[in-house]
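K.L.:
Structure of the sequence below:
(one chain, ligands or ions: 1)
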Amino acid sequence: MHCIIKSPAKINLHLRVLDKRPDGYHNLESIFAALDFSDTLKAELTPVKGAFELNVDYNFPQSTPVRPISVEKNLITKAVDLFKKKTGFNEGIKIHLEKKIPIGSGLGGGSSNAASALLAMNLLSSANLGLPELPEMALVLGSDVPFFLKGGAAYVSGRGESIEYIAPPSGSWVLLIKPPFSVNTAAAFANLDAYRQKIMQPNDHAPSKKALINALLDDPGNWPYYNDFLPVFPKRQIAVYKEILKSLKEAGASFAGLSGSGSCCFGLFPSEKDVKDARISIKTTLLASKIHLYFCECTFFLAENANLVLEL
Ligand code: C5P
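P.N.:
Numbering: from 1, shown residues only. Next up, the predicted model:
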């Protein structure tokens with residue numbers, strides 16, 4: 001018995017970081033949107049009880065050296081272990097991951113893979129867990145993992161566990177642009193804390209929850225969204241982000257932003273032709289400015305009710 005699960009990337013259209021909590025995490029207010037750009041996870045039962053095997057095919061751009069994550073540290077392994085511990089399910093499991101979503105990009109690849117592993121275990125074990133068990137398990141694995149149990153877009157708050165799914169923006173194509181450097185999420189939050197202590201200025205430009213949700217129905221050119229991480233990076237990185245965001249706007253993006261704590265930027269375009277034309281022109285513009293890219297990828301938003309189970 002086997003199943004194949006689509007493990008999508010996400011972008012944060014909006015990301016406001018609020019207070020630091022006693023548990024060390026920060027409260028957030030964010031608009032998450034899942035993308036068609038995805039990894040693919042295949043899980044199958046094997047005959048030896050308790051056995052676990054994980055193989056990852058890194059399908060990254062050829063110029064990129066791959067630094068594989070060890071099986072023990074991979075969130076997929078942690079998800080399988082947690083599921084087994086919570087349910088007592090102990091059949092042999094073999095997982096194969098086709099990995100396209102870059103690591104340290106703010107696209108949520110690792111979190112998405114963890115959610116896919118939980119969905120796969122739920123199907124293969126016939127445990128049929130739902131609310132609240134699956135999201136609770138997901139949160140143990142990481143703040144962004146609960147969101148990835150479904151496709152679509154969501155207003156996300158708390159540490160990441162409070163999720164209100166909403167219809168994703170319609171009629172937009174997305175261009176993802178990642179510079180060669182990657183970002184460690186914990187370090188980015190620490191930088192943000194240090195930045196705020198230094199300048200002693202909370203971000204008081206905060207649209208209401210209603211305004212954030214309603215904006216999704218509006219033209220992206222009118223969105224009130226921003227990302228609190230943008231000003232806190234080292235100057236060299238901020239300069240790169242500014243160039244990328246400028247080139248996206250110049251190529252016709254109706255909205256451009258940074259996803260998560262970086263380093264992937266995104267721009268929204270009204271049609272497939274526009275996004276493909278922009279991809280070509282931006283590569284040339286950025287190369288002329290001596291900004292090298294890790295990748296430049298066209299995609300679109302995943303529907304609210306998208307089926308993540310590709311095969312069972
Ligand atoms: O939850 P996750 O393991 O993905 O978080 C990685 C790190 O990012 C945490 O250890 C924490 O330092 C930071 N973080 C945070 N507040 C959040 C999410 C993550 O401070 N809401």
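K.L.:
hmm, stretch 25-43 touching the ligand?
P.N.:
Yes - shown here: stretch 25-43 in contact with the ligand (Cβ under 6 Å from any ligand atom) through 25, 26, 28. (C-beta placed from N, C-alpha, C; glycine too.)
K.L.:
any idea of the mean pLDDT for that stretch?
P.N.:
If you average the pLDDT over stretch 25-43, you get 98.
K.L.:
Return the distance of it from the chain's centre.
P.N.:
The chain centroid and the centroid of stretch 25-43 are separated by 4 Å under Cα atoms, centre = their mean, to the nearest Å.
K.L.:
next one: stretch 123-139
P.N.:
Counting by Cα atoms, centre = their mean, stretch 123-139 comes out at 21 Å from the chain centroid.
K.L.:
can you pull the buried residues of it?
P.N.:
123, 124, 125, 127, 129, 133, 134, 135, 137, 138, 139 (16 or more other Cβ atoms under 10 Å).
K.L.:
For it, C-alpha coordinates in PDB please.
P.N.:
Below are the C-alpha coordinates for stretch 123-139, written out as PDB (Å, rounded to 0.1, in the frame of the first residue of the first chain):
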ATOM      1  CA  LEU A 123      -3.800   7.400   5.400                       C
ATOM      2  CA  LEU A 124      -1.500   4.400   5.500                       C
ATOM      3  CA  SER A 125      -2.300   3.600   9.100                       C
ATOM      4  CA  SER A 126      -6.100   4.200   8.600                       C
ATOM      5  CA  ALA A 127      -5.900   6.000  11.900                       C
ATOM      6  CA  ASN A 128      -8.200   8.600  10.400                       C
ATOM      7  CA  LEU A 129      -7.100  11.400  12.800                       C
ATOM      8  CA  GLY A 130      -8.700  14.800  12.300                       C
ATOM      9  CA  LEU A 131      -9.200  17.800  14.500                       C
ATOM     10  CA  PRO A 132      -7.700  18.500  16.900                       C
ATOM     11  CA  GLU A 133      -5.200  15.600  16.900                       C
ATOM     12  CA  LEU A 134      -3.400  16.300  13.500                       C
ATOM     13  CA  PRO A 135      -3.000  20.100  13.900                       C
ATOM     14  CA  GLU A 136      -1.700  19.500  17.500                       C
ATOM     15  CA  MET A 137       0.800  17.000  16.300                       C
ATOM     16  CA  ALA A 138       1.800  19.400  13.500                       C
ATOM     17  CA  LEU A 139       2.500  22.200  15.900                       C
END
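K.L.:
Quick check: end-to-end length of stretch 175-183?
P.N.:
From its first residue to its last, stretch 175-183 covers 19 Å (Cα to Cα, to the nearest Å).
K.L.:
Could you list the residues in contact with that stretch?
P.N.:
The contact list for stretch 175-183 (Cβ atoms under 8 Å, 6 or more residues apart in numbering) reads 9, 11, 35, 37, 102-107, 233, 237, 240-241, 244, 248, 253, 261-269, 275, 278-279, 282, 286, 291-299.
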